[in-house]
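Student: need a 3D model of the sequence below.
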Amino acid sequence: MLADGAMRATAQSDALDAALPPTIEWDAVADGLSATYRAARRNLKRSRKKWRAFHAWRRRTKELTYQLELVARHAGERTAARRDEFDALGGPLGAVVDLIMLREMLVVHGTGADRDHLAALLEHIDEQIDDAIRTARREGKPLFDRGARKFTRKVTKAARRDLEPRTDASNGNGTPATA
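Tutor: Model (predicted):
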């Protein structure tokens, strides 16, 4: 069974490899970044009153972090710095989603508990969630203050600068630095 599964996985991997183009144009990468950023920004706006939108904002922010990580691996430190900004936001967003999931678990599985105690606990968790959402939105807003097009231009500029040959600042003539 193991050998059969390995053969199928290899065949799927070969088929996927054959279907992918040998190179990916920057426009395709930029379109993907832009779409993810736009979706995250939209969910940030909706997340003030809707926990589902908050969870979607967190997922899109994580996806954006992964996309920027891939670009940064091929570009460099400026692009990695952009990724790090979104990655740092992941912690506070994850903590809020954990609270939301805890609340939902209590609603579904807390049926045997004393109703008054459960209601008080849920009310307390709701207050914590609302406070945490306000704080996370405040922290995340500066990362999503520009439109998707401007964001993509900023990442494109960072990636281009990362990929430019290094120059020696002391010679001032723009020639590549020698080691």
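Student: list of residues touching stretch 41-58?
Tutor: 39-40, 60, 90, 93-94, 96-97, 100, 129, 133, 136-137, 140-141, 144, 147-148 (CB atoms under 8 Å, 6 or more residues apart in numbering). Quick note: C-beta positions are derived from backbone N, CA and C, even for glycine.
Student: let's see it at 10 Å
Tutor: The contact list for stretch 41-58 (CB atoms under 10 Å, 6 or more residues apart in numbering) reads 39-40, 59-61, 89-90, 92-97, 99-101, 103-104, 126, 129-130, 132-134, 136-137, 140-141, 143-148, 151.
Student: out of those residues, which are buried?
Tutor: Taking 16 or more other CB atoms under 10 Å as the criterion, what is buried in those is 39-40, 59-61, 89, 92-93, 96-97, 99-100, 103, 129, 132-133, 136-137, 140, 143-144, 148, 151.
Student: if I look at residue 162, how far off is residue 77?
Tutor: Distance, residue 162 to residue 77, by CB to CB, to the nearest Å: 6 Å.
Student: same question for residue 116.
Tutor: To residue 77, residue 116 is 56 Å away according to CB to CB.
Student: so for those two, which sits in the more crowded spot?
Tutor: Neighbour tally, residue 116 and residue 77, criterion other CB atoms under 10 Å: the higher count belongs to residue 77, 11 against 8.
Student: surely that one and residue 166 touch.
Tutor: No: applying CB atoms under 10 Å as the test, residue 77 and residue 166 come out as separate, 11.3 Å apart.
Student: show me how far whichever helix in the chain runs longest is from its chain's centre.
Tutor: Secondary structure of the chain per DSSP state H: the longest helix is helix 77-109. Centroid displacement of helix 77-109 relative to its chain, using CA atoms, centre = their mean, to the nearest Å, is 10 Å.
Student: what mean pLDDT does the helix or strand following it have?
Tutor: Proceeding N to C from helix 77-109, the next assigned helix or strand is helix 115-140, under DSSP states H and E. In this model, helix 115-140 has an average pLDDT of 92.
Student: same for helix 115-140, what does it pack against?
Tutor: With contacts taken as 3 or more CB pairs under 10 Å, 6 or more residues apart in numbering; DSSP states H and E, helix 115-140 sits against helix 26-46, helix 51-74, helix 77-109.
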